[in-house]
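Student: test case, fold it:
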Amino acid sequence: MESEIYSRAAYREHLDQALQQENLNVLDLSDAQLDKIAIFLDFMAQTNKKFNLTASITPENLVGKHALDSILLAQAIQGLPKQDRIVDVGSGGGFPAMIVAICLSKSKFTLIDSTAKKCTFLQEAANKLQISHRLKVMCGRAEEIAHQPELREIFHVATAKAVASLKISAELVAGFLAPEGVFMAQKTQSRIEDEIIEARMMLGKLFFEIGEIETVAERSPQLQDFRLLRLTKQKRIPHTFPRNWKAISG
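Tutor: A predicted model of the protein is given here:
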C-alpha cells in the first residue's frame, strides 16, 4: 500500500542504524555500496506496488529480515577459497543475490527465476545499480537450465534462499556447482536439523559433504533464527541430476 512506501533515505538510515547496533559491517562496506543497497530496497518497494515481491516493504522488515542476513551471507562467501562465479536459484525479489552482488564487487553472478515479471525486475535492478556487466539474469526452470553445457558444473558458489526444502534445493543447485563448489544454504534454527535428516540420502547421491551449522549473529535479536549451512560438492554428479520437477518434488 502507498502508506508502506518509504524514501530511499529511510532505507539508508535504517540500514546504517542496524549495522551500527548489531556491529555487522564486517565487510567494511563503502558509502557507495550502502547507497546501492538502499537504492535496491527502494526500487524493490516501488516495484512491489505493481506486483508482489515480498509481503512487507517497511524499512524494518526489508533491512532486518532480508538485507542483514544477505550481508552476513556475503561475509561468509568472502571467506571461501573461490567465489569468482556465483549462481542464485529462485532469485525472486532479489534476496540474497542482489545484495551479495553489491557487497562482493569482484564476483560474477547468474540469477535464475522461472517467473518472467521477476526476471524483468531483476534485470532492471541490475541496470539501475550499474552491476549488469557482471550479473546475468536467466528466466527459466533451474532443473532445466542446469543441463545447459555452458552452465554445467562451472560455479564456485550457489545460493537458494527460501526456494524449497534442503533436499530439493540441493538437487536444484548441484548441476551448477563445480567440484569443490559450495552451496551456502540459509535456513532457520527451527527447521535446519529436520531438513538435514530429510535430505541426507539425496545429499549423498549428489556428493555433498555436510559442514557445520553456523550461528552467524546469535547476539542479534533480528538474526537469532538465522543459520547457515555449508555443503561442499566433492565431485561431478551423474548427468541424470537434476531430475525433472515432478521427480524432484515427489
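Student: helices or strands up against the lowest-mean-pLDDT helix or strand in the chain?
Tutor: Across the helices and strands of the chain, mean confidence by mean pLDDT, DSSP states H and E is lowest for helix 59-61: a mean of 77. In terms of contacts (3 or more C-beta pairs under 8 Å, 6 or more residues apart in numbering; DSSP states H and E), helix 59-61 is packed against helix 8-22. Heads up, the C-betas are built off the backbone N, CA and C, glycines and all.
Student: quick one: distance of the helix it packs on to the chain centre.
Tutor: 21 Å (C-alpha atoms, centre = their mean, to the nearest Å).
Student: using PDB, write out every CA atom in it.
Tutor: This file holds the C-alpha atoms of helix 8-22, laid out as PDB (Å, rounded to 0.1, in the frame of the first residue of the first chain):
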ATOM      1  CA  ARG A   8      15.400   5.800  -0.200                       C
ATOM      2  CA  ALA A   9      16.900   7.900   2.600                       C
ATOM      3  CA  ALA A  10      14.700   6.000   5.100                       C
ATOM      4  CA  TYR A  11      16.100   2.700   3.900                       C
ATOM      5  CA  ARG A  12      19.700   4.000   4.200                       C
ATOM      6  CA  GLU A  13      19.000   5.400   7.700                       C
ATOM      7  CA  HIS A  14      17.600   2.100   8.900                       C
ATOM      8  CA  LEU A  15      20.500   0.200   7.300                       C
ATOM      9  CA  ASP A  16      23.100   2.400   9.000                       C
ATOM     10  CA  GLN A  17      21.300   2.100  12.300                       C
ATOM     11  CA  ALA A  18      21.000  -1.700  12.100                       C
ATOM     12  CA  LEU A  19      24.700  -2.200  11.100                       C
ATOM     13  CA  GLN A  20      25.800   0.000  13.900                       C
ATOM     14  CA  GLN A  21      23.500  -1.500  16.500                       C
ATOM     15  CA  GLU A  22      24.400  -5.100  15.500                       C
END
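Student: after that helix comes which helix or strand?
Tutor: Proceeding N to C from helix 8-22, the next assigned helix or strand is helix 31-48, under DSSP states H and E.
Student: averaged pLDDT, that next one. What do you get?
Tutor: Helix 31-48 carries an average pLDDT of 93.
Student: cool, and stretch 136-143?
Tutor: Rounded mean pLDDT across stretch 136-143 is 98.
Student: go on, stretch 77-95?
Tutor: Mean predicted confidence for stretch 77-95 is 96.
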